[in-house]
Structure formats: structure tokens, C-alpha cells
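1. model this:
(chains A and B)
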Amino acid sequence: AQRVTQPEKLLSVFKGAPVELKCNYSYSGSPELFWYVQYSRQRLQLLLRHISRESIKGFTADLNKGETSFHLKKPFAQEEDSAMYYCAEGAGGGNKLTFGTGTQLKVEL
Amino acid sequence: NAGVTQTPKFQVLKTGQSMTLQCAQDMNHNSMYWYRQDPGMGLRLIYYSASEGTTDKGEVPNGYNVSRLNKREFSLRLESAAPSQTSVYFCASSETTGGVQTQYFGPGTRLLVL
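-> Numbering: from 1, shown residues only, chains lettered A, B, ... in the order given. Sure thing, here's the model as predicted:
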């Protein structure tokens, strides 16, 4: 079964510090990988997906097949980045996603 | 567009009671999903529907039933609620563009089973 691991339940950083949210996946083929974000009192929404190779709100994520990782990074954290972040994997072009357990990011002033 | 809507927003049930959580989307998406969100467990898929008229079990289907009433609506039913079903329930729908899907989530329903 697919498994997505986010080892940190809570990550606390100071404003302006670099951020790295870790995600490891288990699918051995060519996975579809995503980061979803849930801000306080808002619904879960897509942040970025690996296939687009995009930078959203200053966040980037690189797929490392050798390490089966898809870590989310931002060079300088902002207070508005405080949220719950979920890594998700879709396999084989199917409709289902497997979500990790999430990491709560807290950016302190 | 309202996107994905869910009703009710909050519900308290007694053990053994039944209820149906409603979900609708106005984006003309084929696929719809029900998840539950629990602390430390992330989002777990309960059931999904790849298209109108089809439903399939997800990771945690026990104690739930679903109905894909039409393309817009996908309901989740608890026939006999248990305290273990206390959770936040999210409905989602998805579109696939260029072979990659994007899921759109509803605001969630908080369910407390006493």
C-alpha cells in the first residue's frame, strides 16, 4: 500500500528563517506528488504539484526519486505561512490520493 | 461558483443515531471523495466515486455508506454512529488536466458522537 510519511507533527521557525517540511513517499513507480495547505479557518487547498515545477507563495518542492522524497522548502518564512501542510501522493494516474499525517508550521515573530 | 459545499457544518449525535452528510459541487467534476481528518492521522479516504453511478471503498469505509445521487451530489451516511466516528469530514471533487488531478475540498463537517 502507498504510504506518505511526514515525520514532523509540528515545525516552529522564526520569521525570515528557512523552512523545510519533510515528506517521503513509498510508491516505486512514477508518482504524482502534491502539497496541500490548510490555513486557519479555511478549507484545504492545493499549494503545488511536482509535475508543474512551480513556485507558489515562495514555496518550492523537488522530487528526489533516489531518496523518495518531496520536501517543501521556502528560503524566508513569513507569518502568513503558518498553517497545516499535507503531502499527498497519487499513483498510476488513478483518482485517489494518499495523504500524509500533516505538519503544522508555526512561524514566530 | 460555490465550489464544493457541505452540510451541516456541525452536528452532535448520540451513539446509535443515524445521519447523512451532504456534499455538492458545481464544477462539473466526475470524481468525488469523502475523507475524515483526525489529529495525528491526517486525511483518510472513506469512499470515493470516480463517476456518476460508481462508488468504491477507500482506506476506512467501515461504518459508512455513500450515494452518488447525480454528478453534483455525493452523500455520506452513518447508519449507527459510534464515538470512534467523531471527526471532521471533508468532501472533495477533482478534475484532471494534462493527466494530473487537482482535488478541491469543501469546508468540512465537524461531527461529535456522544
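
2. Name the residues of chain A found near chain B, please.
-> Selection of chain A residues close to chain B by Cβ under 8 Å from any Cβ of the partner chain yields A:6, A:9, A:32, A:36, A:43-46, A:49, A:51-52, A:86, A:90, A:93, A:95-102. Backbone N, C-alpha and C define where each C-beta goes, glycine included.

3. Make a PyMOL selection of the buried ones in the residues you listed.
-> A single PyMOL command is used to select the members of those judged buried by 16 or more other Cβ atoms under 10 Å in any protein chain shown:
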select buried, chain A and resi 6+32+36+43+44+46+49+86+90+95+96+97+98+99+100+101+102
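
4. Residues in contact with the top strand by length along chain B: which ones?
-> Determined from DSSP state E, the single longest strand within chain B is strand B:87-97. With Cβ atoms under 8 Å, 6 or more residues apart in numbering or on different chains as the test, strand B:87-97 has contacts from A:43-44, A:95, B:4, B:6, B:21, B:23, B:25, B:27, B:29-38, B:43, B:46, B:74, B:76, B:101-106, B:108-111.

5. repeat that for 7 Å
-> For strand B:87-97, the external contacting residues (Cβ atoms under 7 Å, 6 or more residues apart in numbering or on different chains) are A:44, A:95, B:4, B:6, B:21, B:23, B:25, B:27, B:29, B:31-38, B:43, B:74, B:76, B:101-106, B:108-111.

6. ok, now which ones touch residue 100?
-> Chain wasn't specified; assuming chain A. Residues near A:Gly100 by Cβ under 7 Å, 6+ apart: A:4-6, A:23, A:86-87, B:42.

7. oops, I was thinking of chain B
-> A:32, A:49, A:51 are the contacts of B:Val100 under Cβ under 7 Å, 6+ apart.

8. any idea which element the residue nearest to the second one when sequence neighbours are not counted lies in?
-> Right, A:Arg49. Distance criterion Cβ to Cβ, 6 or more residues apart in numbering or on different chains; nearest residue to A:Arg49, sequence neighbours excluded, is A:Phe34 at 4.7 Å. Using DSSP states H and E, A:Phe34 sits within strand A:32-38.
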